[in-house]
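> got a predicted model here, sequence first, then my questions.
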Amino acid sequence: MSTLERNDLRLNQALHAHALFFDPILRKVDWSQVDSELNKVPYVEEKPGVSVTEDGDVVFHYFAPDAQSVQVAHLGGPRHDLAPCGDGYWTVTLTGIPAGFHYHHYFVNGAMATSTLAPYGYGCFQPINFYEVPDHESDFYLLQPVPHGSIRMELYESSVTRRTRNCWVYTPPGYDRQTDRAYPVLYLQHGGGENETGWIWQGKINYILDNLIASGQCEEMIVVMNSGYAFQDGELSNFLPGDFDAVLMEDCIPFIESHFRVKTDREHRAMAGLSMGAFQTLRTTFRHLDDFAWIGLFSGMLDYKADSLFNHRELFEHPEAFNDKVKLFFLAMGEQEDWYEAIVREHRRLIEIGIRSHLYTCPGGHDWHVWRRSARAFLQLVFRS
């Protein structure tokens, strides 16, 4: 990270990197100037799809030279008209956008579209654009001048879905050099409508870990991110998207333990997730307390779902046994989420019946602004006494 980036968070590469382009160049070939023998291949600059001004205003540009109308809208928000601004571009400037992560949609001639000029991720069950308004109070998820871990995409066979699956694995700085060292492992799940790439591109979990490890605020660990969808051929669902519990326990964990230097005892194995991933975490860890000692639920409730075929609340009937098994039972919720009051009451009841649990809250709704902070708080506690 350059000195300029440190002084102006808007320029930090972590805010602009995405699944299709780590370091977007915002340049394209001007094919009208390319000669037949390719002696000349000139580039021209493109306008950034989304940029943030020094005053915090958000400027959108969309390239659609033949469009009759272009609009942009945040999730659940009103559509805003863009106006032509020359060379095939359309633009609008919006004010009052809060700091944090923002999914958004474009509409060209009334039809939903994406922009090749703005960052892409997978969210809301579709490829979708996002952007960031820097939070000048916090830079814990940004690219910093510290040692960086590695992100690896691994393929493994599933006996449950009978398909090849992939998982993304974060290894801490020095993993490839310290070949005689084993690490604790965290299995970290995304939410509904997202996938195994979410914690990387939207969540910035690798930068969160890099920065915490560099400052000594969390243990060095390996983090494994899976797709939470585990449908078999022809299978549909009314609640859980397939038997992810079986995929994790029977396929993924054995693969990780045979391919990475991870500690294999329960005291060095954790699981956490957000929203849908929180319920999957609850279901898996409570069914397999002999395998997990650290549990994190971000934006998740403790409601018993009949479709899960397992009543996890029965474990709360034996507080001493639960506390002996679970080193950390971590609950997190945004203070503007619909379930905020409910989780506060739930946590209070757990304390009253003798269940040792930790509640973390922060301002925000059901979004990555909250989940990044939840992950940071959890990471500072997991694998520590």
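On my side now, so go ahead.

> using CSV, write out every CA atom in the longest helix belonging to the chain.
Identified as the longest helix of the chain according to DSSP state H is helix 340-353. In CSV, the C-alpha atoms belonging to helix 340-353 read as follows (Å, rounded to 0.1, in the frame of the first residue of the first chain):
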residue,chain,number,x,y,z
TYR,A,340,-31.3,-7.6,17.4
GLU,A,341,-33.7,-7.5,20.4
ALA,A,342,-34.4,-11.2,20.1
ILE,A,343,-30.7,-12.1,20.3
VAL,A,344,-30.2,-9.8,23.3
ARG,A,345,-33.0,-11.6,25.1
GLU,A,346,-31.7,-15.0,24.0
HIS,A,347,-28.2,-14.2,25.3
ARG,A,348,-29.6,-13.0,28.6
ARG,A,349,-31.6,-16.3,29.0
LEU,A,350,-28.5,-18.3,28.2
ILE,A,351,-26.6,-16.5,30.9
GLU,A,352,-29.4,-17.0,33.4
ILE,A,353,-29.5,-20.8,32.9
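
> so where's this protein uncertain?
Along the chain, the parts satisfying pLDDT under 70 run over 1-7, 238, 304-309.

> and it, what are its domain boundaries?
Domain assignment for the chain by automatic domain parsing gives 3-133, 150-379.

> highest mean neighbour count out of those domains?
domain 150-379 (a mean of 18; mean count of other CB atoms under 10 Å). In short, each C-beta sits where N, CA and C put it, glycine included.

> and the helix or strand that the longest helix of the chain is followed by, what other elements does it pack with?
As assigned by DSSP states H and E, the chain's next helix or strand after helix 340-353 is strand 358-362. The contact analysis (3 or more CB pairs under 8 Å, 6 or more residues apart in numbering; DSSP states H and E) places strand 358-362 against strand 328-334, helix 340-353, helix 368-379.

> kindly recompute the last result at 7 Å.
Identification of packing neighbours for strand 358-362 by 3 or more CB pairs under 7 Å, 6 or more residues apart in numbering; DSSP states H and E yields strand 328-334, helix 368-379.

> show me the contact partners of the first one.
Contacts to strand 328-334, defined as CB atoms under 7 Å, 6 or more residues apart in numbering, come from residues 294-299, 339-340, 343, 347, 355-362, 364-366, 370, 374, 377-378, 381-382.

> one more: the longest one?
The set of residues that contact helix 368-379 without belonging to it, under CB under 7 Å, 6+ apart, is 100-101, 140-141, 202-205, 208-209, 212, 218, 272, 274, 296, 298-299, 330, 332, 334, 360, 362, 364.

> export that helix as CSV, just CAs?
Output in CSV follows, covering the C-alpha atoms of helix 368-379 (Å, rounded to 0.1, in the frame of the first residue of the first chain):
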residue,chain,number,x,y,z
TRP,A,368,-21.0,-7.1,5.3
HIS,A,369,-20.4,-4.0,7.4
VAL,A,370,-21.6,-6.1,10.4
TRP,A,371,-20.2,-9.4,9.4
ARG,A,372,-16.6,-8.1,8.9
ARG,A,373,-16.7,-6.6,12.4
SER,A,374,-18.2,-9.8,13.8
ALA,A,375,-15.4,-11.8,12.3
ARG,A,376,-12.8,-9.5,13.7
ALA,A,377,-14.2,-9.8,17.2
PHE,A,378,-14.5,-13.6,16.9
LEU,A,379,-11.0,-14.0,15.6
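
> what separates it from the chain centre, distance-wise?
Counting by CA atoms, centre = their mean, to the nearest Å, helix 368-379 is centred 10 Å from the centre of its parent chain.

> from here on, call the first residue 30.
Let's use 30 as the start, then, which means that last one is helix 397-408.

> that helix versus strand 387-391: what angle between them?
Here helix 397-408 runs at an angle of 150 degrees relative to strand 387-391 (axes from the mean of the first three to the mean of the last three CA atoms, to 10 degrees).

> before we move on, what about the first one?
Angle of strand 357-363 versus strand 387-391, following the same axes, to 10 degrees, is 20 degrees.

> quick one: strands adjacent to strand 357-363?
Strands adjacent to strand 357-363 in the sheet, as given by DSSP bridges, are strand 323-327 (parallel), strand 387-391 (parallel).

> what angle sits between it and helix 369-382?
Going by the same axes, to 10 degrees, strand 357-363 makes 160 degrees with helix 369-382.

> can you redo the helices and strands packed on strand 387-391 as JSON lines with distance to residue 268?
JSON lines is the format used below for these (distance: least, CB to CB, whole Å):
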{"stretch": "strand 357-363", "distance to residue 268": "21"}
{"stretch": "helix 397-408", "distance to residue 268": "21"}
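
> for these, which one sits closest to residue 217?
Nearest of those to residue 217, taken as CB to CB: helix 397-408 at 7.7 Å.

> same for the helix or strand hosting residue 185, what does it pack against?
Using DSSP H and E, residue 185 sits within strand 179-186. Contacting strand 179-186 under the criterion 3+ CB pairs under 7 Å, 6+ apart are the following elements: strand 193-200.

> any idea which helix or strand comes after the strand it packs on?
Using DSSP H and E, the first helix or strand after strand 193-200 is strand 214-218.
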